[in-house]
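Participant: pasting the sequence and the predicted coordinates here, then a few questions.
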Amino acid sequence: MQPNAGASAHCAGCGAPLAPGQRYCLECGERCVPMSSVLMGSPPPGAEPAVAGPAPAPASPPGMPAGIGGGAVQRNNSLVV
C-alpha cells in the first residue's frame with residue numbers, strides 16, 4: 001500500500017511531515033493509509049468465499065481426556081492461586 005501517492009507528505013489531521021511509507025502520524029496518531037479489507041472484516045481480494053458446512057465437534061479442554069465431559073464443560077468464576 002502506498003500512502004497518498006502523489007499527495008503532499010503531511011498528515012491530514014495535524015499537518016506533521018510524514019516519511020514515505022509511514023502508516024500513522026507520529027504526532028497525532030492519525031492513520032495515513034487506507035485500512036486493509038481484512039482488518040475491516042471483508043475477505044481479501046481474490047479469496048474464495050467460505051463454504052458453510054457442519055461445525056466441527058468442540059475439542060476437549062487441555063488436560064482432559066477426549067470423551068469426558070461430552071462437550072458441556074462447566075465453568076465458574078472462582079480464582080485458584
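Facilitator: Received, thanks.

Participant: so S37 sits right up against P43, yeah?
Facilitator: Yes: counting by Cβ atoms under 8 Å, P43 is a contact partner of S37 at 7.4 Å. The C-beta positions use only the backbone N, C-alpha and C, and glycine is treated the same way.

Participant: thought P17 was touching H10?
Facilitator: Yes: the pair P17 and H10 qualifies as a contact (Cβ under 8 Å) at a distance of 5.8 Å.

Participant: residue ranges with poor pLDDT in the chain?
Facilitator: Scanning the chain for pLDDT under 70 picks out the ranges 1-8, 44, 47-53, 55-73.

Participant: where along it do the strands fall?
Facilitator: Ranges of strands in the chain, per DSSP state E: none exist.

Participant: which residue ranges form the helices in it?
Facilitator: Taking DSSP state H as the criterion, the chain carries no helices.

Participant: OK, contacts around Y24?
Facilitator: Listed by Cβ atoms under 8 Å, 6 or more residues apart in numbering, the contact partners of Y24 are E30, R31, C32.

Participant: please repeat the previous calculation with a cut-off of 10 Å.
Facilitator: By Cβ atoms under 10 Å, 6 or more residues apart in numbering, the contact set of Y24 is P3, C11, L18, E30, R31, C32, V33.

Participant: mind putting those residues into TSV with distance to Q74?
Facilitator: Output for the contacts of Y24, formatted as TSV (distance: Cβ to Cβ, whole Å):
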residue	distance to Q74
P3	51
C11	52
L18	53
E30	47
R31	43
C32	48
V33	46
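
Participant: quickly list what's touching both of P17 and H10.
Facilitator: C25.

Participant: next, count neighbours for the closest residue to E30 other than its chain neighbours.
Facilitator: Distances taken as Cβ to Cβ, 6 or more residues apart in numbering put G13 closest to E30, at 3.5 Å, once the chain neighbours are dropped. If you count neighbours by other Cβ atoms under 10 Å, G13 ends up with 13.
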